[in-house]
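# below are the sequence and a predicted model; questions follow.
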Amino acid sequence: MQGFTFQLHQSRSIKLTSSLRQAIEALGMSNQQFSDFLLFRARLNPFLELQLSDRGGGAPARSDTSFMPGSGADDGYSIENISAAPAGLLEHIWQQVPLLLKTPREFEIAEHLVAAIEPTGWLGQPLEEIAREAEGTLEEAEDVLHKLQQVEPAGLFARNLAECLRLQAVDADVFDPVMEGVLANLQLIAEGRLDHLAEICDAGVEDVAARLHRIRRFDPKPGAAFGDRNEPSLRPDLTVFEREGEWVVDVRNPMVRAIRVRSAEEIATSGSLTVQERELLQEARSIQRAAERRDGTMVKVAAEIVRRQEGFLRQGPAALLPLRLADIADTVGVHASTVSRITSDRHIETPRGILPLRSFFSVALNQSDGATPVSAAAVREDIRRMISAEDKDAPLSDQDIARNLNEKGLALARRTVTKYRVELGLASSTARRRACKLQRALKKP
């Protein structure tokens with residue numbers, strides 16, 4: 001979260017710091033971040049009350065109570081968890097996290113790591129990128145990742161197949177130098193070169209075969225065991241649905257509805273407010289106004305995005321139109337930086353799933369025949385479809401894909417195709433061919 005850090009202390013100091021003002025005014029917080037922010041301030045400010053009792057049970061959140069986001073304590077106050085979530089992979093993970101982590105900073109980084117986990121149980125985002133999002137160092141992210149990799153079942157939070165299998169080998173107490181050599185050279189298994197692998201491992205072929213037999217008993221997708229019970233990894237900030245032919249945008253769990261500013265009569269003990277109490281009252285009112293502005297601006301921006309990208313909602317990614325932040329800003333009447341803050345790290349629930357708001361924006365690509373420009377997102381979707389439908393034994397090279405797109409009127413260079421393929425998280429044709437062979441080798445009895 002930019003501009004705001006939790007300060008866990010017992011002090012009743014209520015001077016508004018510059019970081020607090022920035023946090024209130026900035027529109028960059030997700031619902032979860034903003035609810036954590038509100039909970040924290042409500043426990044320090046007696047004028048600020050969160051009305052949650054009607055929806056989740058328990059007393060309203062007020063001051064005089066310490067709070068640590070992500071600690072698992074006082075769950076009844078969580079705005080985003082008022083209704084019980086179905087048991088799933090993420091819930092299973094969070095039940096174990098408090099046993100592995102200690103500091104608020106570790107919990108903060110863990111939130112980003114857990115958000116990046118895929119249904120397979122693998123980490124679906126580069127660790128460097130996660131570290132940047134958590135505003136930390138790569139070393140900090142690696143330290144927390146290694147702790148989270150102790151979560152059961154073994155193999156969760158792996159970054160690749162070899163690491164997933166290694167974590168399970170360590171857990172089963174069968175990770176020895178030979179196993180390490182086998183896992184470091186899985187490609188040789190796919191190629192059937194066990195003799196060469198045995199040489200690398202300085203072991204006999206029988207020893208290598210024994211390790212391979214053990215590897216086949218491991219689960220390459222430990223998170224998949226949770227199946228349909230898997231809890232969604234993202235909680236949307238907004239939702240869009242169709243009503244009588246019109247698209248309606250709304251805020252999920254509007255924060256302003258949960259906020260109540262208590263009156264001076266409820267707080268003052270001596271008939272009049274002290275200077276400190278007046279500052280607290282001013283802060284509570286400022287937070288309430290900020291919540292109103294935040295929710296209102298989010299809806300305006302999202303509604304304009306939906307209006308322009310209605311084709312995408314009805315037809316899918318191929319119908320996504322070119323769209324810039326400035327286009328939305330000009331129509332809504334706000335600065336482009338405001339649109340940028342609103343759409344950064346925010347998600348919207350649509351008939352096509354939960355999507356990042358930023359996914360509705362895309363640069364324009366000109367067609368060779370002079371037709372209407374298409375969006376880069378639509379081209380990426382074409383690339384994804386081609387790779388999804390390819391012959392797994394003879395995958396398409398980037399040059400093949402560029403040629404296919406050129407035949408459709410899109411003059412894209414091979415390097416541009418490579419760039420888009422990497423953005424989609426798809427491996428090269430060589431790597432895809434090897435992965436296919438490796439999967440088959442591991443499935444052999």
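Good, I have the coordinates.
# can you map out the helices along the stretch 101-250 of the chain?
For the stretch 101-250 of the chain, the helices defined by DSSP state H, counting those that start in this stretch occupy 104-115, 127-133, 138-148, 161-171, 177-183, 186-190, 194-201, 205-215.
# the spatially most central residue of the chain and Leu127: what is the separation?
Centroid-nearest residue in the chain, with CA atoms, centre = their mean: Ala115, separated by 4.2 Å. From Ala115 over to Leu127 the distance is 13 Å, taken as CB to CB, to the nearest Å. Any C-beta I mention is one placed from the backbone N, CA and C, and that applies to glycine too.
# quick one: classify Leu281 as helix, strand or coil.
With DSSP: H, G, I helix; E, B strand; the rest coil as the basis, Leu281 sits in helix.
# residues in contact with it?
By CB atoms under 8 Å, 6 or more residues apart in numbering, the contact list for Leu281 reads 47, 261, 264, 267, 273.
# what about those, which are in helices?
Here DSSP state H is the test, and the contacts of Leu281 give 264, 267 as lying in helices.
# next, give me the two most distant ones among the contacts of Leu281.
Using CB to CB, those span at most 13.3 Å, a distance reached by Val261 and Leu273.
# ok so, going back, mark which of the contacts of Leu281 are buried, thanks.
Neighbour-count burial (16 or more other CB atoms under 10 Å) applied to these gives 47, 261, 273.
# skipping adjacent residues, who's closest to the second one in space?
Using CB to CB, 6 or more residues apart in numbering and skipping residues adjacent in sequence, the residue nearest Val261 is Ala284, 4.6 Å away.
# next up, identify which helix or strand the one you found is on.
Assessed by DSSP states H and E, Ala284 sits inside helix 275-308.
# chain center to the helix or strand that comes right after that helix, what's the gap?
Next in sequence after helix 275-308, counting helices and strands by DSSP H and E, comes helix 310-315. Centroid separation between helix 310-315 and its chain, computed with CA atoms, centre = their mean, to the nearest Å, is 23 Å.
# burial count for the residue nearest to Val261?
Neighbour count of Ala284, defined by other CB atoms under 10 Å: 23.
# state the distance from it to Ile401.
Ala284 is 56 Å from Ile401, where distance means CB to CB.
# likewise Ala169?
To Ile401, Ala169 is 37 Å away according to CB to CB.
# mind listing what Val249 touches?
Going by CB under 8 Å, 6+ apart, Val249 touches 238-240, 299, 302-303, 306, 348.
# which two among these are spaced furthest apart?
Greatest spatial distance in these: Thr239 and Ala303, 11.8 Å, computed using CB to CB.
# where does the stretch 301-445 of the chain have low pLDDT?
366-372, 441-445 (pLDDT under 70).
# one more pass at 90, please.
Within the stretch 301-445 of the chain, the stretches with pLDDT under 90 are 311-324, 334-347, 351-382, 384-385, 392-393, 404-414, 416, 419-420, 422-428, 430-445.
# can you give me the strands in it?
For the stretch 301-445 of the chain, applying DSSP state E, counting those that start in this stretch gives strands covering 347-350, 353-356, 364-365, 374-375.
# and the ones you listed: which comes nearest Leu188?
Nearest to Leu188, of all these, is strand 353-356, at 38.8 Å by CB to CB.
# among the buried ones among the contacts of Leu281, find me the one that's closest to Ser340.
Proximity of the buried ones among the contacts of Leu281 to Ser340 was ranked by CB to CB; the top entry is Val261 with 30.1 Å.
# what residues are up against that closest one?
Listed by CB under 8 Å, 6+ apart, the contact partners of Val261 are 47-49, 281, 284-285, 288.
# make CSV out of these and add pLDDT and distance to Glu108.
Below are the contacts of Val261 laid out as CSV (pLDDT from 0 to 100; distance: CB to CB, whole Å):
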residue, pLDDT, distance to Glu108
Phe47, 89, 27
Leu48, 88, 23
Glu49, 88, 26
Leu281, 88, 30
Ala284, 86, 26
Arg285, 87, 29
Gln288, 84, 26
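# Glu139: which of those residues is nearest?
Leu48 (37.2 Å).
# from Arg308, how far out is Arg243?
Per CB to CB, Arg243 is found 19 Å from Arg308.
# looking at the two, which is more packed in?
Taking neighbours as other CB under 10 Å, Arg243 and Arg308 compare with Arg308 leading, 18 against 7.
# against Val178, how distant is that one?
58 Å.
# likewise Arg421?
36 Å.
# can you pull the contacts of Trp247?
Counting by CB under 8 Å, 6+ apart, Trp247 has contacts 240-241, 303, 306-307, 310, 313.
# the same query, at a cut-off of 10 Å, please.
Going by CB atoms under 10 Å, 6 or more residues apart in numbering, Trp247 touches 240-241, 303, 306-307, 309-310, 313-314, 350-351.
# ditto for Gly121
Neighbour list for Gly121: 89, 93, 151, 153-158, 164, 219-226, 230 [criterion: CB under 10 Å, 6+ apart].
# what's the nearest residue to it if we skip its chain neighbours?
Gly223 (2.6 Å).
# the one you found contacts Glu118, doesn't it?
Yes: if you go by CB atoms under 10 Å, Gly223 and Glu118 touch, sitting 6.9 Å apart.
# these two: which has the busier surroundings?
Using other CB under 10 Å, the more surrounded residue of Gly223 and Glu118 is Gly223, with 25 against 15.
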